[in-house]
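Undergrad: A structural model of the following input is requested.
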Amino acid sequence: MVTAGKYMYLAGLTELAIYNFFKGDFAMTRPPALPEWLKGINPVMAYVAGILLLLCIALVIWNKYTSQALITIAAIIFLCATTRHVFAVWKDPINGFKTLWLIGAALLILSEVEYYRKYQRHILFANVIVLFMFFYHCAVAHFQYAASIQYLIPSYIPFRLFFTWLAGICLLFAGIGLLTSKFQQPAALLSGIQITGWFLLLHLPRAFTMGGDEWIGVGESLAVAGICFMLYGMFRRAHPIA
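TA: This next block holds a predicted model:
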């Protein structure tokens, strides 16, 4: 599961890196607009970041300079997205926390490298906290904006408002479950399955139908599902199921 989650994360990151070239800006997590005095660095920044991300992803897949590649991935996301969210995180906490779990996933993979294994427990703990905060804010949004979020669900699915509320409840319980050692494994596994379902039923169809920034949701949903599966595999390895 750790390996499957790793490749799902890298596939999602690849899609987001490629979308940089279409958007002309750093796409993942929909960061706030650059200040006026920095806007001139685009689209060059987007292209350079996209190329570097794709190169680093290839190195990780080929198992070449893995540590350097993963640290570079984390640094690119931090510089191009996290720093732009930090002063507006109270306005958009969901996308702000997305940058942290995207970075956290790169560090999770890094913790599988022999030299960094001694830090794995701390990296796991940090990822759990970040995912809890992300799931919490997503759950609140599902309750607060249920009337509009329901229309994101495909029209052929009945009782859309019910499923909007159900998704919010599942996200809330998933976040709480990740904080509790007894429920960490099922919370991570079920979250991965749920978000993979959203990737297939919601984000892919919307991207092919509507295009544009809907493609950001494709890469992000695949990446976060991969993170959940990585966490499940690591939890299971640390606490085998009897």
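
Undergrad: mind listing the helices for the protein?
TA: Using DSSP state H, the helices found in the chain span residues 2-23, 44-62, 66-77, 83-85, 93-110, 120-144, 146-149, 160-178, 184-198, 204-210, 214-238.

Undergrad: Now tabulate those helices in CSV and tack on mean pLDDT.
TA: Formatted as CSV, the helices of the chain follow (pLDDT from 0 to 100):
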stretch, mean pLDDT
helix 2-23, 96
helix 44-62, 96
helix 66-77, 97
helix 83-85, 93
helix 93-110, 94
helix 120-144, 93
helix 146-149, 89
helix 160-178, 94
helix 184-198, 94
helix 204-210, 93
helix 214-238, 93
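
Undergrad: how about those, which one is nearest P31?
TA: Set against P31 and scored by CB to CB, the helices of the chain come closest in helix 83-85, at 3.8 Å. For the C-beta atoms, the positions are set from N, CA and C on the backbone; glycine is no exception.

Undergrad: Could I get the buried residue list for that closest one?
TA: Residues of helix 83-85 classed as buried by neighbour count (16 or more other CB atoms under 10 Å): R84, H85.

Undergrad: I'd like to know which elements it is packed against.
TA: helix 93-110 (3 or more CB pairs under 8 Å, 6 or more residues apart in numbering; DSSP states H and E).

Undergrad: still on that earlier bit, which one, of the helices of the chain, ends up nearest to T29?
TA: Per CB to CB, nearest to T29 of the helices of the chain: helix 93-110, 4.3 Å.

Undergrad: residue contacts, G177?
TA: F183, Q184, P186, A187, A188 (CB atoms under 8 Å, 6 or more residues apart in numbering).

Undergrad: can you rerun that using 6 Å?
TA: Listed by CB atoms under 6 Å, 6 or more residues apart in numbering, the contact set of G177 reads F183, A187.

Undergrad: Please tell me how far it sits from G12.
TA: Noted for G177: a distance of 23 Å to G12, by CB to CB, to the nearest Å.

Undergrad: can you check Q144 too?
TA: Separation of Q144 from G12 (CB to CB): 26 Å.

Undergrad: residues contacting the residue nearest the centre of the chain?
TA: When CA atoms, centre = their mean is applied to the chain, the residue found nearest the centroid is V224 (3.7 Å). Contact analysis of V224 by CB under 6 Å, 6+ apart lists I195.
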